[in-house]
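> next input, structure requested:
(chains A and B)
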Amino acid sequence: MMISGEERRQAPVAPVSPVRKEGDGGGPSEPDVKRPDTSDLLKRMRRVDPDAARRYRQRSGQ
Amino acid sequence: MDRLIGIETEYGIVVDGLSAADWVNESMAVVRGYSGSAVQGWNYRGEDARRDMRGFTVKSLNTNPDDAVFDTASRHPMSHEEERSDRILANGARFYNDHGHPEYATPECRGLFDLVAHDRAGERIVLDSALRRAASTSRGVTIYKNNTDFHGSSYGTHEGYLMRRSVETSTLISTLLPFFASRCVYAGAGKAGVENASGTDADRYQLSQRADFVAVEASVDTLHNRPLVNTRDEPHATPSKYRRLHVICGDANMSEVATALKVGSTALVLQLLEDGWTSPVKLRDPVRTARNISRDLSFKLAYEQDGGTSIRAIDMQRAYLTAAEQRFAGCDDETDWVLQEWRTVLDVLETDFTKLADRLDWVAKYLLLDEFRQEEGLPWNDAHIQSLDLAYHNIDRNEGLYYGLEEAGAMRRLVTDSRVDAAVSCPPSDTRAYLRGLIIKRFGSAVKRTGWNGILFHHNGEDLLFDMNPLVEANVRVLNEEFATAQTLDEVVNIIRRNGQSN
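Numbers count the residues shown, from 1 in each chain, chains lettered A, B, ... in the order given. You can find the predicted model right below:
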């Protein structure tokens, strides 16, 4: 078992949310796509190994 | 909405310096790296993946013969239990190795936005375990939440929906086929290139990662010759009353809106079926239609129906949406959110899909990749473009392109980071997952085996099975509250016995 005695003595598990409620971001809205600051995104794209997909192999899953 | 729902995600894995032959061992190691409260030992009571809801059990399930190349003689034989390395977590989730993929199955949720939070919590849990593995070996571990390796291997993101067994199987299948064939217009994660289709022009972008791997309309198989409608019959609940619809044709979504819309719209279609509604859309060839819809970004193509008429993908979806609006509008906040978002998305797809880049994965990724592709003069199936596609699904918050978009404020959120943080360790309060999580967290040393529908304890010299099959309705809340007050295992056992849930 991976349970420690200390963990077992903790208070009851707190609910994630006491009641079902709407998403924290509010209801749906009409699309309003503003151009975001993409400087960090471009850095991320530049860090991507262009051969990553060529080497990428996975076993079949379900 | 009021049904148990869940998402199981098989993640792609890469470990620096190793190959796909190592992924079983590496996935096991990632799972075993989990450091939070958990118990081991899965309870397979009532589970048989060969059982088909059409009333028969197949002798064996199809496997992909191509995987034999990864099975090396050097790998030492393992028991099923050792290979799975199950960890059942204090948030009620299951984390294990499935065919060389770390798999995270969310706890049963009842609320749509709870499910979104738990799906995202899964990303954090898997990443945290992967980083722990990497630190212990000094080999980098990269985890992808996607469904393809771009070389013909696919791995799944499955949805589970509890529903009434009273819906006829044939009706269920015929109504779901056009819905699943066209759902990728909003639920697709997007894919650069085409797989498993010789002679097809692969220089294209698709809506769906998974459409290339759908081979038949309905089947119990999941590893090979995959179906649009999976007919596995494992209810994880009282079998005479319930089915669990196991959906395997969907994509892994990074976007919270796409996840919520995918699950929410499907749940409403099941509600329609339970109300006796059946789809007026009857496709002549649902499998071929699913593939063609995935490859049409114009949304103008129409697909042949029985009887000779034809229908566009968006209109297929409108048929389901309109029926759901007529019956369920105003039922509850989540239903209204789904109905409004569903209509908005279909309307905008008719005019300019780029306006949906803040909420649909396939659009966000398309815009990201297409600008680069055009600047570099590369085809969609170029390895560099597919590498960027893969990077969109990297769950490392500092590297993944989806996370880059999210950080830039370009993606709509439905749940706060604090809610996701809570879901990492806390189960939903309104399902039986709460009972599972509480027992694991507080009395884990007494647990021998845990499953979706039961927990086997050892207590006072005897084994006791806590039967959770009946605990699938909203009134489980009362039992959850009673459990929360229990200070000792004796009290837990007394509550179980008083409620008639022990065997």
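> ok, residue B:63 touching residue B:221?
No - Residue B:63 lies out of contact with residue B:221 (C-beta atoms under 8 Å); the separation is 9.1 Å. From N, CA and C alone the C-beta is placed, and that goes for glycine too.
> what does the longest strand along chain B rub up against?
For chain B, the longest strand by residue count, based on DSSP state E, is strand B:157-164. Defining contact as C-beta atoms under 8 Å, 6 or more residues apart in numbering or on different chains, one finds that strand B:157-164 is touched by A:62, B:3-10, B:108, B:145, B:147, B:235-237, B:241-248, B:250-253, B:262-263, B:266-267, B:270, B:273-274, B:472.
> against residue B:343, how distant is the closest residue to chain A within the stretch 51-200 of chain B?
For the stretch 51-200 of chain B and chain A, the shortest gap (C-beta to the nearest C-beta) falls at residue B:155, measuring 2.7 Å. According to C-beta to C-beta, to the nearest Å, residue B:155 stands 32 Å off from residue B:343.
> kindly report the same for residue A:52.
Taken as C-beta to C-beta, the span from residue A:52 to residue B:343 is 38 Å.
> buried ones from the contacts of strand B:157-164, can you make that a PyMOL selection?
Buried residues within the contacts of strand B:157-164, by 16 or more other C-beta atoms under 10 Å in any protein chain shown, are selected in PyMOL with:
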select buried, (chain A and resi 62) or (chain B and resi 3+4+5+6+7+8+9+10+108+145+147+235+236+237+242+243+244+245+246+247+248+250+251+252+253+262+263+266+267+270+273+472)
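> what about the contacts of strand B:157-164, which are in strands?
B:5-10, B:242-247.
> for the stretch 101-250 of chain B, which residues are neighbours of chain A?
B:101, B:103, B:110-114, B:116-118, B:149-151, B:153-156, B:158, B:222-224, B:248 (C-beta under 8 Å from any C-beta of the partner chain).
> counting neighbours, go ahead and name the busier of residue B:155 and residue B:343.
residue B:155 (29 against 17; other C-beta atoms under 10 Å in any protein chain shown).
> give me the neighbour count for the closest residue to residue B:186 other than its chain neighbours.
If you skip the residues right next to it in sequence, residue B:186 has residue B:345 as its closest partner in space, 4.8 Å away by C-beta to C-beta, 6 or more residues apart in numbering or on different chains. Residues near residue B:345, counting by other C-beta under 10 Å, number 27.
> cool, and residue B:455?
25.
> ok, the one 3 residues further on next?
Counted by other C-beta under 10 Å, the residues lying close to residue B:458 total 13.
> who's more crowded, residue B:63 and residue B:221?
Legend: neighbour count by other C-beta under 10 Å for residue B:63 and residue B:221, higher for residue B:221 (23 against 14).
> that one - that's part of a helix, no?
No - in this structure, residue B:221 is coil, not part of a helix, as judged by DSSP: H, G, I helix; E, B strand; the rest coil.
> just the pLDDT for it.
Looking at residue B:221, its pLDDT is 93.
> so what are the domain limits for chain B?
B:5-419, B:432-498 (automatic domain parsing).
> circling back to that earlier point, now flag whichever of the ones in strands among the contacts of strand B:157-164 is closest to chain A.
Nearest to chain A among the ones in strands among the contacts of strand B:157-164, with distances taken as C-beta to the nearest C-beta, is residue B:10, at 4.2 Å.
> I figured the closest one hits residue B:99, correct?
Yes - with contacts counted by C-beta under 8 Å, residue B:10 reaches residue B:99, the gap being 7.5 Å.
> find the residues that touch each one of the two.
Taking C-beta under 8 Å, 6+ apart as the criterion, residue B:10 and residue B:99 both touch A:61-62, B:155.
> skipping adjacent residues, who's closest to residue B:449 in space?
Closest residue to residue B:449 apart from its sequence neighbours, by C-beta to C-beta, 6+ apart: residue B:43 at 3.9 Å.
> which residues are in contact with the one you found?
Taking C-beta under 8 Å, 6+ apart, we find residue B:43 in contact with B:449-451, B:453-456.
> check which helices and strands the helix or strand containing residue B:177 sits against.
Assigned by DSSP states H and E, residue B:177 falls within helix B:169-182. Helix B:169-182 sits against strand B:214-219, strand B:226-230, strand B:242-247, helix B:256-274, helix B:286-294, helix B:313-328, with contacts defined as 3 or more C-beta pairs under 8 Å, 6 or more residues apart in numbering or on different chains; DSSP states H and E.
> now with 6 Å?
When contacts are defined as 3 or more C-beta pairs under 6 Å, 6 or more residues apart in numbering or on different chains; DSSP states H and E, helix B:169-182 sits against strand B:226-230, helix B:286-294, helix B:313-328.
> return the most buried member of these.
Between the helices and strands packed on helix B:169-182, strand B:226-230 has the highest mean count of neighbours, a mean of 24, where neighbours are mean count of other C-beta atoms under 10 Å in any protein chain shown.
> can you pull the pLDDT of the residue nearest to residue B:229 when sequence neighbours are not counted?
Among residues not flanking residue B:229 along the chain, residue B:218 sits closest, at 4.5 Å (C-beta to C-beta, 6+ apart). Looking at residue B:218, its pLDDT is 98.
> contacting residues around residue B:218?
B:173, B:227, B:229, B:231 (C-beta atoms under 6 Å, 6 or more residues apart in numbering or on different chains).
> quick check: the last one touching residue B:53?
To tie it back to what came earlier, the one meant is residue B:231. Yes - the pair residue B:231 / residue B:53 is scored as a contact, 4.7 Å apart, by C-beta atoms under 6 Å.
> distance of the residue nearest to residue B:392 when sequence neighbours are not counted relative to residue B:267?
Spatially, and ignoring its direct neighbours in sequence, residue B:392 is nearest to residue B:401 (4.3 Å; C-beta to C-beta, 6+ apart). The gap separating residue B:401 from residue B:267 is 29 Å, by C-beta to C-beta.
> give me the helices and strands touching whichever helix in chain B runs longest, please.
With secondary structure taken from DSSP state H, chain B has its longest helix at helix B:112-137. Helix B:112-137 is packed against helix B:23-32, strand B:101-105, strand B:141-144, helix B:256-274, helix B:417-425, with contacts defined by 3+ C-beta pairs under 6 Å, 6+ apart.
> so what touches the first one?
This means helix B:23-32. With C-beta under 6 Å, 6+ apart, helix B:23-32 has contacts from A:59, B:13, B:15, B:85, B:87, B:95-97, B:100-102, B:129-130, B:133.
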